[in-house]
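J.: Mind folding the following:
(one chain, ligands or ions: 2)
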Amino acid sequence: MQRVTFDHPHPLHDLQATRQIEAAGIAATGPHVLMQRAGACVARLAQALAPHARLIWIACGAGNNGGDGLEAAALLHAHGFRVQVSWLGSVEKASADTLKSWHKAVAAGVLFVDEPPHDLEDQDLCIDALLGIGLTPHDSGRSPSAALRSLLDVVRGTRATVLCVDLPSGLMADSGQWAAGFEPLPSPPSAPRHTLSLLTLKPGLFTGMGRDAAGTVWLDDLQLPSPDAAPRAWLACAPHGIHPSRPHASHKGSWGDVAVVGGEGLEERGMGMTGAALLAASAALHAGAGRVMLSALDPALTQSPALAPEIMLRRFEKLDLETATIVCGCGGGDAVRTVLPQILKTARRLVLDADALNAIATDAGMQALLAQRARHASFVTAMTPHPLEAARLLGSDTRTVQSDRIAAARELAERHGCIAVLKGSGSIITAPGETPFINPTGNARLATGGTGDVLAGLLGARIAALDNTQDGLARRAFLAACQACWQHGRAAEDDLFSRGLTASGLARALSPM
Ligand SMILES: NC(=O)C1=CN([C@@H]2O[C@H](COP(=O)(O)OP(=O)(O)OC[C@H]3O[C@@H](n4cnc5c(N)ncnc54)[C@H](OP(=O)(O)O)[C@@H]3O)[C@@H](O)[C@H]2O)[C@@H](O)CC1
Ligand SMILES: [K+]
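T.: Numbers count the residues shown, from 1 in each chain. Ligands and ions are numbered 1, 2, ... in the order given. Here you go, the predicted structure:
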């Protein structure tokens, strides 16, 4: 068993692959072996998480996820813990494996209760073995029974540490969304949460609602060999080796130019958005771009910001679109539409964000220009939509995008031939022909205006630093996007922001590496 850390990338397998791995495992080990192993490692982790538990309550569903819970109950009882079990199954309907574990628990003298205990304290433990990967898809229209619902409510409202077996019950393994009818109350759970994922890590644990639901994630392979099934995605790890430490004999030209085009003025539509462009420029600067230029769409902006005199103002027609990495769209408003076609045609390295994406979403001509970029091997294009911007580009809605974030990111990347970074909890980074990565860094401090502009500027700096003379530009740009997401999230985790984060503070906290 291992706690999932981010020192190497982890493969994330979807339900189909997990079921295949499970079936092969059962064929290799025989009946009940995997459930016994699963129960044993649940019991081991339970003891480690709550060594002083007065009471361990195990909520067991009717399926094999509940069987894991019953198996763990027998073991924990044998280790001297006071264990109570609520079981939703029946002897008549239980699977053969679950029935064996039920017999074991009964024979061990585990107490089965009709009502969940109401006296679970902080030091106690609640084991959620209600539902695992057997949850039927959300569109089946099936909602939880009253009995299941009432146990779920206790699991979600308890003060005790919660250990979820395989998945938080009701969370869909592939998407990280709650199945219909299983959504918890809006207030986030306050008790510590852990999830012990069995056999494989599932993508849904790390994106969408998954991170809040799962808490700390653990993995046990149930002693089966590493799966060779293709992962649906990878969990990104701390980057190393993409940008080795900067040579002493480097100069500003070594790290590339970033030019930010955005920031509609107050006069245009009564909504001043120059701040967004300034944030992107500041992020590029602090992330180590050799030179940073700002081409503001606000004609009234005629001076570099006093706090960042390094940022040079440029009229759009004075930008060298072929050499600079263009970050386009931050606070761009409608004004961005006038310059975007030329940028799409000419800029070799391009990061598209916010209003540039909104403009492209409604303009077939610009979509065609974007598609043409993919035919030039020396062109790099990255887009950084949040779910609503992604939905506009895909002609769908936010709910559909969020219902399968990996699929939505892939669709964007394939359709537009570019690197796609779908922002949100567990950002998805993908590109044509690449297996997507899910970024594990970051926290709720990022939920404030301007942090997306900071990511766009940071990504601009990372792309600007890529060496033109080396092969594999597309792949290196993709890895640079993964690195930028990692660094953006990691910066937000710094204690510096423990009392709150602003986007300008985040930009200033970035570093070249
Ligand atoms: N097989 C093995 O060897 C191993 C399996 N392992 C473990 O088994 C788990 C998978 O077990 P599983 O396939 O039995 O599914 P599981 O997650 O218990 O859910 C099924 C139950 O949920 C119910 N239910 C479903 N949808 C529902 C809905 N919308 N609303 C309400 N109810 C719904 C469904 O009800 P039913 O449709 O039968 O009426 C049934 O009662 C896996 O996650 C891992 O923990 C490990 O021990 C490793 C070895
Ligand atoms: K569970």
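
J.: contacts and neighbour counts: CA atoms only from here.
T.: Fine.

J.: Am I right that residue 57 falls within a strand?
T.: Yes - counting by DSSP: H, G, I helix; E, B strand; the rest coil, residue 57 is found in a strand.

J.: Hmm, residue 87 and it touching each other?
T.: No - contact status for residue 57 versus residue 87: not in contact, 10.8 Å apart, counting by CA atoms under 8 Å.

J.: who in the stretch 101-250 of the chain is up against ligand 1?
T.: 131-136, 142-144, 165-166 (CA under 6 Å from any ligand atom).

J.: In those, which residue is surrounded by the most others?
T.: residue 166 (30 neighbours; other CA atoms under 10 Å).

J.: For that one, give me phi and psi.
T.: phi 70, psi -50 (degrees, to the nearest 10).

J.: Not counting sequence-adjacent ones, nearest residue to it?
T.: Excluding the flanking residues, the one nearest residue 166 by CA to CA, 6 or more residues apart in numbering is residue 197, at 4.0 Å.

J.: The one you found: neighbour count?
T.: When neighbours are counted by other CA under 10 Å, residue 197 registers 25.

J.: That one and ligand 2, how far apart?
T.: Residue 197 sits 9 Å away from ligand 2, taking CA to the ion, to the nearest Å as the criterion.

J.: does that residue sit in a helix, a strand or a coil?
T.: strand.

J.: Verify the stated contact: it with residue 163.
T.: No - Residue 197 lies out of contact with residue 163 (CA under 8 Å); the separation is 10.5 Å.

J.: can you count the residues close to residue 3?
T.: 13.

J.: try residue 309
T.: 10.

J.: Let's test this: name the helix or strand in the chain with the lowest mean pLDDT.
T.: helix 266-269 (a mean of 88; mean pLDDT, DSSP states H and E).

J.: Would you mind identifying the next helix or strand past it?
T.: Counting by DSSP states H and E, the next helix or strand C-terminal to helix 266-269 is helix 274-286.

J.: Downstream of that following helix, the next helix or strand is which one?
T.: With elements assigned by DSSP H and E, the helix or strand that comes after helix 274-286 is strand 291-296.

J.: Spit out the contact partners of the residue nearest in space to the middle of the chain.
T.: With distances taken as CA atoms, centre = their mean, residue 426 lies nearest the centre of the chain, 1.1 Å away. Counting by CA atoms under 8 Å, 6 or more residues apart in numbering, residue 426 makes contact with 206-208, 211, 438-441.

J.: 10 Å instead?
T.: The contact partners of residue 426, by CA atoms under 10 Å, 6 or more residues apart in numbering, come to 176, 203-211, 235, 405, 437-443, 485, 489.

J.: Buried subset of the residues you listed, written for PyMOL?
T.: Restricted to buried positions by 16 or more other CA atoms under 10 Å, the PyMOL selection for those reads:
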select buried, resi 176+203+204+205+206+207+208+209+210+211+235+405+437+438+439+440+441+442+485+489
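
J.: on that earlier part again, for the least confident helix or strand of the chain, what is the distance to the chain centroid?
T.: From the chain centre to the centre of helix 266-269 is a distance of 36 Å (CA atoms, centre = their mean, to the nearest Å).

J.: ok, residues contacting that helix?
T.: 272-274, 297-300, 333-335.

J.: By neighbour count, which of those residues wins?
T.: residue 297 (27 neighbours).

J.: ok, that one - contacts?
T.: 261-265, 268, 273-274, 277, 315-316, 329, 331-336, 338-339.

J.: Now, of these, which are buried?
T.: The neighbour count (16+ other CA under 10 Å) marks 261-265, 273-274, 277, 316, 329, 331-336, 339 as buried among the contacts of residue 297.

J.: residues from the protein in reach of ligand 2?
T.: Taking CA under 5 Å from the ion as the contact definition, the chain meets ligand 2 at 128-132, 164-165, 167-169.

J.: what about 8 Å?
T.: Contact residues, the chain versus ligand 2 (CA under 8 Å from the ion): 65-66, 128-132, 164-170.

J.: Put together a markdown table for those, with distance to residue 80 on each row.
T.: A markdown table is the format used below for these (distance: CA to CA, whole Å):
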| residue | distance to residue 80 |
| --- | --- |
| 65 | 23 |
| 66 | 21 |
| 128 | 20 |
| 129 | 21 |
| 130 | 24 |
| 131 | 26 |
| 132 | 27 |
| 164 | 21 |
| 165 | 21 |
| 166 | 24 |
| 167 | 26 |
| 168 | 26 |
| 169 | 27 |
| 170 | 31 |
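
J.: which residue ranges form the strands in the stretch 251-400 of the chain?
T.: Using DSSP state E, counting those that start in this stretch, the strands assigned to the stretch 251-400 of the chain run over residues 257-262, 291-296, 312-313, 325-328, 349-352, 380-383.

J.: swap that for the stretch 51-200 of the chain, please
T.: Assigned by DSSP E, counting those that start in this stretch, the stretch 51-200 of the chain shows strands spanning 56-60, 83-87, 111-112, 125-129, 161-165, 193-198.

J.: could you give the angle of the first one to strand 125-129?
T.: Right, strand 56-60. Comparing the axes of strand 56-60 and strand 125-129 via axes from the mean of the first three to the mean of the last three CA atoms, to 10 degrees yields an angle of 10 degrees.

J.: For residue 496, give its distance to residue 30.
T.: Distance, residue 496 to residue 30, using CA to CA, to the nearest Å: 53 Å.

J.: Who has more neighbours out of the two?
T.: residue 496 (13 against 9).

J.: quick one: secondary structure of the more buried one?
T.: Put simply, residue 496 is helix when judged by three-state DSSP.

J.: list the contacts for the residue in the stretch 201-350 of the chain positioned nearest to ligand 1?
T.: Nearest to ligand 1, among the residues of the stretch 201-350 of the chain, is residue 222, at 7.7 Å (CA to the nearest ligand atom). By CA under 10 Å, 6+ apart, the contact set of residue 222 is 1, 22, 25, 33-41, 198-200.
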